[in-house]
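Asks: build the 3D model from these lines:
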Amino acid sequence: MVAVREIREVRVVSRDPERRRRFIAAARERWHAGELKEVVDPRTAVAGAHLITTITSASSPVLLGAWLEPGQHLNVCGSNIPDRREVDAEAIRRASLLVADDANAARVEAGDLLLAEAEGKLEWGSVRSLKDVVTGTIRRGAPEQISLFKSVGLALEDLALAAVVLERAQLSGVGEPLDL
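Replies: Numbering: from 1, shown residues only. I've put the predicted structure just below:
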């Protein structure tokens, strides 16, 4: 996000205080354009934020839809297991624009969406694929609408990264070839 937006403040929440502090220390070494704040309460972190990202191993919601404010954008990235979620069904319901890496793939493993559907808060026809955003086919209708990107990752993304890593390793002369 910092590569495409001017970010002046990042609020970091973690259930584990030591992990939170380690993350902030590591982030401070790499990012100097804004302020990193340690926050204990997730609701406080969400208040007034423009961009919200969840990357957790939580099995139940750490972010509630009742906390959301007009115009916020959520990146929900942690859970990719059908019976686990980081956000509640109300967060999914309140999002005017719902996007996943691939809507069909999300239907298999995106617990945040699957559980919202089971609770009657989501119609799958409203979930769009990221390619539609990238090509400009869809966009948020108004600045005050809430948008949500549910990332589950795609094998194609993993392959593309692996190709870059392999190429760099070969150019640097590191690693050992394996016969598979």
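Asks: which residues touch the top helix by length along the chain?
Replies: Ranked by residue count, the top helix of the chain under DSSP state H comes out as helix 155-172. Here helix 155-172 makes contact (Cβ atoms under 8 Å, 6 or more residues apart in numbering) with 101, 175. The C-beta positions use only the backbone N, C-alpha and C, and glycine is treated the same way.
Asks: chain center to it: distance?
Replies: With Cα atoms, centre = their mean, to the nearest Å as the basis, helix 155-172 stands 23 Å off its chain's centre.
Asks: what mean pLDDT does that helix have?
Replies: For helix 155-172, mean pLDDT is 85.
Asks: how about it as CSV, C-alpha atoms only?
Replies: C-alpha atoms of helix 155-172 as CSV (Å, rounded to 0.1, in the frame of the first residue of the first chain):
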residue,chain,number,x,y,z
ALA,A,155,-1.6,-20.7,-7.3
LEU,A,156,-0.7,-18.5,-10.3
GLU,A,157,0.5,-15.7,-7.9
ASP,A,158,2.7,-18.3,-6.1
LEU,A,159,4.1,-19.5,-9.4
ALA,A,160,4.9,-16.0,-10.6
LEU,A,161,6.8,-15.3,-7.4
ALA,A,162,8.7,-18.6,-7.6
ALA,A,163,9.8,-17.8,-11.2
VAL,A,164,11.2,-14.5,-10.0
VAL,A,165,13.0,-16.1,-7.0
LEU,A,166,14.4,-18.8,-9.2
GLU,A,167,15.7,-16.3,-11.8
ARG,A,168,17.3,-14.1,-9.1
ALA,A,169,18.9,-17.2,-7.5
GLN,A,170,20.4,-18.3,-10.8
LEU,A,171,21.7,-14.8,-11.6
SER,A,172,23.3,-14.6,-8.2
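Asks: which residues of this protein score low on pLDDT?
Replies: 154 (pLDDT under 70).
Asks: those strands in it, which residues are they?
Replies: Remark: strands assigned in the chain by DSSP state E are 9-12, 35-38, 51-54, 73-76, 95-100, 127-129, 146-150.
Asks: so which bits of the last one are buried?
Replies: Taking 16 or more other Cβ atoms under 10 Å as the neighbour-count basis, strand 146-150 is seen to contain the buried residues 146-150.
Asks: what of the third one?
Replies: Of the residues in strand 51-54, those buried by neighbour count under the rule 16+ other Cβ under 10 Å are 52-54.
Asks: can you put these in TSV and add distance to Asp88?
Replies: Shown next, in TSV, are the buried residues of strand 51-54 (distance: Cβ to Cβ, whole Å):
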residue	distance to Asp88
Ile52	14
Thr53	16
Thr54	11
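Asks: surely Ser57 is in contact with Asn80?
Replies: No. Counting by Cβ atoms under 8 Å, Asn80 is not a contact partner of Ser57; they are 10.6 Å apart.
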